[in-house]
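Trainee: give me the fold of what follows.
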Amino acid sequence: MLTDPQRQRAAQILRSAEHSRTPVAPLTEAFPEIGTEDAYEIQLINIRRRVGAGAQVRGHKVGLSSPVMQQMMGVDEPDYGHLLDDMELSQDRPVPVSRYCYPRIEVEVGFVLGDDLPGANCTPADVLAATERVVPALELIDSRIRDWRITIADTIADNASSAGYVIGEGRDPRGLDLKAIDARLTHGGELLAEGRSDAVLGDPAVSVAWLARTVARFGVPLRKGHVVLPGSCTRAVDVTAGQTFTAEFTGLGPVSLSFT
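Mentor: Numbers count the residues shown, from 1 in each chain. Predicted structure coming up:
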């Protein structure tokens with residue numbers, strides 16, 4: 001367990017790395033006693049600072065939502081980060097790669113909430129009832145930790161390695177089998193990655209319900225209008241300038257993002 005001054009110092013290290021786009025050594029090297037609770041508090045220090053400077057919370061993302069990634073990180077549950085309005089990307093505007101340290105793209109079935117979600121007792125049925133639409137989504141992940149040498153504490157503190165996102169129009173989830181949405185990521189007609197929505201905890205609605213219950217412990221609600229990214233259907237793909245990625249989802253349609 002870290003002291004409050006240590007948490008503040010760790011948050012400053014990550015904040016400076018993000019602003020300067022200069023990756024730093026894993027926090028676990030400088031703060032070997034860091035735990036999961038410390039990491040979430042460090043994340044919140046930087047989120048509160050950004051909100052205090054005018055940013056708005058638009059939703060949340062879930063990471064480590066596949067058993068393979070959890071085993072790799074040595075954990076038995078996902079993690080989460082915040083989505084802010086200054087992280088929103090557009091299909092119509094290319095994104096400068098120079099803004100980031102080690103950008104990668106992930107393919108997700110996103111949720112746009114039409115009602116608030118309950119907290120501690122949230123179920124997948126609650127998620128479906130509160131969802132206005134499910135949307136094709138791309139998440140831009142990045143790590144302010146050098147060479148992606150992250151532990152679970154590093155990625156949580158670093159806002160679950162989140163950097164940006166873009167969503168498409170989508171549709172009402174009723175009548176759609178959320179466990180059987182096929183997803184393909186392409187660039188210039190070349191298939192880069194593919195997967196299916198049940199890669200996300202067996203059902204992406206399960207991931208959203210987990211998130212609602214988990215953030216409730218920190219007094220954080222999932223509100224009407226929020227976007228929730230429940231985890232990637234595919235492996236992450238490295239991003240370089242000049243690329244345009246398109247993700248296509250059965251029953252949802254496509255979403256694209258270009259980089260310069």
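Trainee: enumerate every residue touching the nearest residue to D182 once chain neighbours are set aside.
Mentor: Excluding the flanking residues, the one nearest D182 by C-beta to C-beta, 6 or more residues apart in numbering is T250, at 4.6 Å. The C-beta positions use only the backbone N, C-alpha and C, and glycine is treated the same way. For T250, the contacting residues are 180-183, by C-beta atoms under 8 Å, 6 or more residues apart in numbering.
Trainee: tell me where the protein has strands.
Mentor: For the chain, the strands defined by DSSP state E cover 57-63, 79-84, 104-113, 131-141, 162-167, 182-187, 190-196, 227-229, 237-238, 244-249, 253-258.
Trainee: and stretch 221-236, what's buried?
Mentor: 222, 226-236 (16 or more other C-beta atoms under 10 Å).
Trainee: stretch 101-118 too?
Mentor: 101-113, 117-118.
Trainee: how far away is the residue positioned nearest the centre of the chain from V200?
Mentor: Centre of the chain computed as the mean C-alpha position; nearest residue by C-alpha atoms, centre = their mean is K61, 3.4 Å away. The gap separating K61 from V200 is 12 Å, by C-beta to C-beta, to the nearest Å.
Trainee: surely C233 meets A183?
Mentor: Yes: the criterion here is C-beta atoms under 8 Å, and C233 meets it with A183 at 4.3 Å.
Trainee: overlap in contacts of the two?
Mentor: In contact with both C233 and A183: 107, 109, 195-197, using C-beta under 8 Å, 6+ apart.
Trainee: among these, which one lies nearest to N159?
Mentor: For those, the residue nearest N159 by C-beta to C-beta is V107; the value is 19.5 Å.
Trainee: so the closest one sits right up against L185, yeah?
Mentor: Yes: counting by C-beta under 8 Å, V107 touches L185, with 5.1 Å between them.
Trainee: one step back: do you know which of the strands of the chain lies nearest F31?
Mentor: Per C-beta to C-beta, nearest to F31 of the strands of the chain: strand 79-84, 17.5 Å.
Trainee: partner strands of that closest one, parallel or antiparallel?
Mentor: Within its sheet, strand 79-84 is paired with strand 57-63 (antiparallel), according to DSSP bridges.
Trainee: remind me which residues of the stretch 51-200 of the chain are low pLDDT?
Mentor: Across the stretch 51-200 of the chain, the ranges flagged by pLDDT under 70 are 65-76.
Trainee: TSV please, covering the buried residues of stretch 221-236 and showing distance to T22 and pLDDT.
Mentor: Compiled in TSV, these are given as follows (distance: C-beta to C-beta, whole Å; pLDDT from 0 to 100):
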residue	distance to T22	pLDDT
L222	33	95
H226	32	97
V227	29	98
V228	31	98
L229	27	97
P230	31	95
G231	29	93
S232	26	91
C233	32	90
T234	29	90
R235	27	88
A236	22	90
